[in-house]
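S.K.: no FASTA, just this:
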C-alpha cells in the first residue's frame, strides 16, 4: 500500500487536497504515479454536481510503479497516458471497433445514458473507507490503480503535462475531425467555440488538409489564439446571437454555400443546432461538447441530406489513436506544449477553474512534484 494525496470532491460543490491510501495492483491492474492531470469543464461539472466523495480528474499521465501478474503491455518505469473510456475488448461495441462506447468498462451505459462514471475498483481508501474515482481513474491524485486497458505506453521524452491532455481534450478534438467526420482535404470547416476542444478541432482540420478553417467565438482573445493553432478565418459573434445569423452570412460569403463541416464545442444548449445552421446541403454537423439537456430543433435545418452526429471522445481507440497523436506532436504537425497556458499546484484547482471559466487559458494542467 502507498500513502499519497488526492483532490477530493465532497459532493457539495467543494474540493480539497487530502491524504489517501492506494492498494497494490491486482492481477490485471497497474499502479501509476501521476505526474500531471489536465483540467477541463467535465472536472468542474463533476465537482459541482456529482455525489461525493470522489477523487477528481480524468486526464492523466505518469510513471508505472507496479503491475499485476497478468499485465503484459507495460512494466515498472514506463511512461503512460491514461484513457477514461476503458475498453473491455469483448462486448458488442468493442468487437465492431467502437471501443469508445464499450458496454462493460466505459462510463457509457449501453442503453444510451451517459453515466457519471466514478465507480470504484476498491483500490483507494480515504479516511479508512473506499472512495470512488472520476471515470475509474481519479487522475488528480499522486497515485492511482487502473485496469491495464486504461493505459497506453508513450515515449519518455514527451513532457507529462503535454501528454496528459491527450487523454481527453486533444483526443476528442482531433478524433472528431479525423475519425468521426473524416474531414476531406480542401474542404471548409467551422468551429464554434475556440476553447480547449475547439483548438484541437482546428488542429485536426489543419492536419486533414482543410482549406478554410473558420473559428467562431464571442472572445477576441480566443479567436486570436485560434490563429496560432491553424484557423484561417475568425468570426466574433455576440453572446445573444444563438441563431448565428451574423456568422452565417460571413460563412456563406467565404464558402459560397455553407461549410462542409461544422463543429459545436461550447456546451451551451441553445447552440445545439448551431452547426446545422452553418453547413451546406449534405454537409456534416457535429455536436462535440456533449450537451445533455433537452432542446428543441427546427427540423427544416436538416434539409437537405445534412448529417448531424454527437460523437463521443473522437471515436477513440486508445492503442491506435494515442500513438498517432504523439507522432503528430513529434513531427510538429500538432501543438501540445503550446496548448498549456498555465500549470497549477493541486491546491490551486479553484483558481484553475476560475481561469478556465473566464476564458483566461486555453488549457490548464495540475502538476505533481514538478
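M.R.: Noted; the coordinates are in hand. Predicted model, so just to flag it, every value in this text is computed and none were measured. Numbering: from 1, shown residues only.

S.K.: What are the boundaries of the strands in the stretch 1-150 of the chain?
M.R.: Residue ranges of the strands in the stretch 1-150 of the chain, as given by DSSP state E, counting those that start in this stretch, are 2-9, 15-22, 29-39, 54-55, 60-67, 79-82, 124-126, 129-130, 132-133, 143-147.

S.K.: Spell out which strands sit alongside the fifth one in the sheet and which way each one runs.
M.R.: This means strand 60-67. strand 29-39 (antiparallel), strand 79-82 (antiparallel) (DSSP bridges).

S.K.: Let me know the average pLDDT across stretch 268-286.
M.R.: Stretch 268-286 comes out with an average pLDDT of 94.

S.K.: Which parts of that stretch count as buried, going by neighbours?
M.R.: If you call a residue buried by 16 or more other CB atoms under 10 Å, then stretch 268-286 has these buried ones: 268, 271-280, 283-286. Heads up, the C-betas are built off the backbone N, CA and C, glycines and all.

S.K.: before we move on, what about stretch 325-338?
M.R.: For stretch 325-338, a neighbour-count test (16+ other CB under 10 Å) marks 325-326, 328-329, 334-336 as buried.

S.K.: what sits up against it?
M.R.: 154-155, 158-159, 161-163, 165-166, 170-171, 174, 203, 206-207, 228-229 (CB atoms under 8 Å, 6 or more residues apart in numbering).

S.K.: Phi and psi next, for the nearest residue to residue 35 once chain neighbours are set aside.
M.R.: Closest residue in space to residue 35, ignoring its immediate chain neighbours: residue 160 at 3.9 Å, by CB to CB, 6 or more residues apart in numbering. The phi/psi pair for residue 160 (degrees, to the nearest 10) reads phi -60, psi -40.

S.K.: Inside helices: which ones of the contacts of stretch 325-338?
M.R.: In this view, the contacts of stretch 325-338 that belong to helices under DSSP state H are 161-163, 170-171, 174, 203, 206-207, 228.

S.K.: Which one of the buried residues of stretch 325-338 is nearest to residue 15?
M.R.: Distance to residue 15 across the buried residues of stretch 325-338 (CB to CB) is lowest for residue 336, with 26.0 Å.

S.K.: For residue 113, give me the pLDDT.
M.R.: What the model reports as pLDDT for residue 113 is 40.

S.K.: just to revisit the earlier point, tell me which two of the buried residues of stretch 325-338 sit farthest apart.
M.R.: Maximum distance among those (CB to CB): 12.9 Å, for 326 and 335.

S.K.: burial measure for the nearest residue to residue 21 once chain neighbours are set aside, as a count.
M.R.: Spatial nearest neighbour of residue 21, chain neighbours left out: residue 125 (4.5 Å); criterion: CB to CB, 6+ apart. Neighbour count of residue 125, defined by other CB atoms under 10 Å: 15.

S.K.: wait, what's in contact with residue 125?
M.R.: Here residue 125 is in contact with 20-23, 131 (CB under 8 Å, 6+ apart).

S.K.: Equivalent analysis for residue 270, please.
M.R.: Counting by CB under 8 Å, 6+ apart, residue 270 has contacts 242, 295.

S.K.: leaving aside the residues next to it on the chain, what's closest to residue 3?
M.R.: With CB to CB, 6+ apart as the criterion, residue 3 has its nearest non-adjacent residue at 5.8 Å, and that residue is residue 21.

S.K.: Show the pLDDT at that neighbour.
M.R.: Turning to residue 21, the model gives it a pLDDT of 94.

S.K.: just checking, it touches residue 124?
M.R.: Yes - between residue 21 and residue 124 a contact is recorded at 7.1 Å, counting by CB atoms under 8 Å.

S.K.: Could you check which of the two has the larger neighbour count?
M.R.: Comparing residue 21 with residue 124 by other CB under 10 Å, the one with more neighbours is residue 124, at 25 against 16.

S.K.: which residues touch the more buried one?
M.R.: Contacts of residue 124 by CB under 8 Å, 6+ apart are 6, 20-23, 55, 130-131, 133, 138, 141, 144-145.

S.K.: Of the residues you listed, grab the buried ones for ChimeraX.
M.R.: The ChimeraX selection below is limited to those of those classed as buried (16+ other CB under 10 Å):
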select :6,20,21,22,23,55,131,133,138,141,144,145
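
S.K.: Now render the contacts of residue 124 as JSON lines, adding distance to residue 188.
M.R.: What follows is the contacts of residue 124, written out as JSON lines (distance: CB to CB, whole Å):
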{"residue": "6", "distance to residue 188": "45"}
{"residue": "20", "distance to residue 188": "49"}
{"residue": "21", "distance to residue 188": "53"}
{"residue": "22", "distance to residue 188": "49"}
{"residue": "23", "distance to residue 188": "52"}
{"residue": "55", "distance to residue 188": "42"}
{"residue": "130", "distance to residue 188": "51"}
{"residue": "131", "distance to residue 188": "48"}
{"residue": "133", "distance to residue 188": "41"}
{"residue": "138", "distance to residue 188": "41"}
{"residue": "141", "distance to residue 188": "43"}
{"residue": "144", "distance to residue 188": "42"}
{"residue": "145", "distance to residue 188": "46"}
